[in-house]
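1. Quick one: sequence plus predicted model below, questions after.
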Amino acid sequence: MIKILSIILLILLLLIGGKRGLKTFLTIYINLFLIFIIIVLVGWGFNPQIPTFIICLIISIIILFFLNGTNKKTISSFISVTILLIIFFIITIIFGNNIYIQGYAEENIEGISYVIYDTGINMLALSNCIIIIGLIGNIIDTSIAISSALYEVSINNPHLNIKELFKSGMSIGKDILGTTTNTLFFAYLGSCMTLLIFFQDFQYSLTAIINSKIFATEFTRIMLSGIASFLVIPITSIVASFLCTINKEEKTNEKNENNIRRQRNTSR
């Protein structure tokens, strides 16, 4: 069935997207391979945080530059994603250490009862990496949407300066924010559906649910993904506004210099 679904996905991507669809299909499997590398490194006992950061950057490069080419839109988006990844690696380390979301929850005991517990894996670092991997796709999507829109605004309105473009980016981000937040919420809600049914069947009280490790883990992931969705808007707006106006200023300076030279030549 997996092969059949993959073939159906490939056919639809080729019919609708053409070459871009084929590239999209290839990036899916390339990114899966990169995630598999992280899993292998974790199994070998490596601290997964640095490899995860590097592989997330590689995934960003593949999604942005391989699919969309090298231009102001992708460059500004990549810079924004890199900044956000650095910020969130720091945030996840701080919150992960204080919330204690690492390791297995009580609800997982039955499923892992035949597994050796002494795996030698840094579960805290692994939990932080899972959060980062979970939000990378969302911040790339939001970032490229804002940078693309700002690029079009700057082309159609060449007189706008950095401040005005930044306001436009924030306005665009507000429109994206509602749909992005709801997408994240329902994505995590769908993945937690069996957990909610488990809580219902065993008649967990609200206090027990809030204090359970598995709920704290999922809630932390939702909140951090939401924060990332909020922060990517101003960061991308700033970076894209700067890159969209820097060449304009250089061109206007060149035009002014050329005009001055022409005036000097005519005066001679």
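-> Yep, that arrived.
2. give the contact list for Ala125.
-> Counting by C-beta atoms under 8 Å, 6 or more residues apart in numbering, Ala125 touches Asn47, Pro48, Gln49. In short, each C-beta sits where N, CA and C put it, glycine included.
3. shaky segments in the stretch 51-200 of the chain?
-> 96-124, 188-189, 191-192 (pLDDT under 70).
4. still on that earlier bit, show me the contacts of Ala125 that map onto helices.
-> Among the contacts of Ala125, the members found in helices (DSSP state H) are Gln49.
5. Can you say which of the contacts of Ala125 are buried?
-> Listed as buried from these are Pro48, Gln49; burial here means 16 or more other C-beta atoms under 10 Å.
6. ok, residues contacting stretch 86-97?
-> Taking contacts as C-beta under 8 Å, 6+ apart, the residues outside stretch 86-97 that touch it are 49, 53, 102, 124, 127-128, 131-132, 135, 220, 224, 227-228, 231.
7. Any of these buried? List them.
-> The neighbour-count test (16+ other C-beta under 10 Å) marks 49, 53, 102, 124, 127-128, 131-132, 135, 220, 224, 228, 231 as buried among the contacts of stretch 86-97.
8. Okay, and the residue nearest to Ile63 when sequence neighbours are not counted sits in which element?
-> Closest residue in space to Ile63, ignoring its immediate chain neighbours: Ile140 at 5.5 Å, by C-beta to C-beta, 6 or more residues apart in numbering. Assigned by DSSP states H and E, Ile140 falls within helix 123-156.
9. list the buried ones in the next helix or strand after that helix?
-> Using DSSP H and E, the helix or strand that follows helix 123-156 in sequence is helix 162-191. Residues of helix 162-191 classed as buried: 162, 165-166, 168-170, 172-173, 176-177, 180, 184, 188 (neighbour count, 16+ other C-beta under 10 Å).
10. Over to stretch 77-93?
-> Those would be 77-85, 88-89, 91-92, for stretch 77-93 by 16+ other C-beta under 10 Å.
11. cool, stretch 40-47 as well?
-> Across stretch 40-47, burial judged by 16+ other C-beta under 10 Å covers Leu41, Val42.
12. Return the distance of it from the chain's centre.
-> Taking C-alpha atoms, centre = their mean, to the nearest Å, one finds stretch 40-47 lying 23 Å from the centre of the chain it belongs to.
13. One more: stretch 227-242?
-> 12 Å.
14. How about the contacts made by Leu184?
-> Asn138, Ile222, Ser225, Gly226, Ser229.
15. out of the residues you listed, what pair is the most spread apart?
-> Asn138 and Ile222 (11.5 Å; C-beta to C-beta).
16. Tabulate the contacts of Ala125 in CSV, adding columns for distance to Ile30.
-> Putting the contacts of Ala125 into CSV (distance: C-beta to C-beta, whole Å) gives the following:
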residue, distance to Ile30
Asn47, 24
Pro48, 19
Gln49, 22
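17. with the contacts of Ala125 in mind, which one is nearest to Phe242?
-> For the contacts of Ala125, the residue nearest Phe242 by C-beta to C-beta is Gln49; the value is 29.8 Å.
18. Nearest residue to the closest one in space, ignoring adjacent ones along the chain?
-> Ala125 (5.0 Å).
19. try Val153
-> Distances taken as C-beta to C-beta, 6+ apart place Ser168 nearest to Val153, at 5.1 Å, with adjacent residues excluded.
20. Pull up the gap between the one you found and Asn161, please.
-> As judged by C-beta to C-beta, to the nearest Å, Ser168 and Asn161 stand 11 Å apart.
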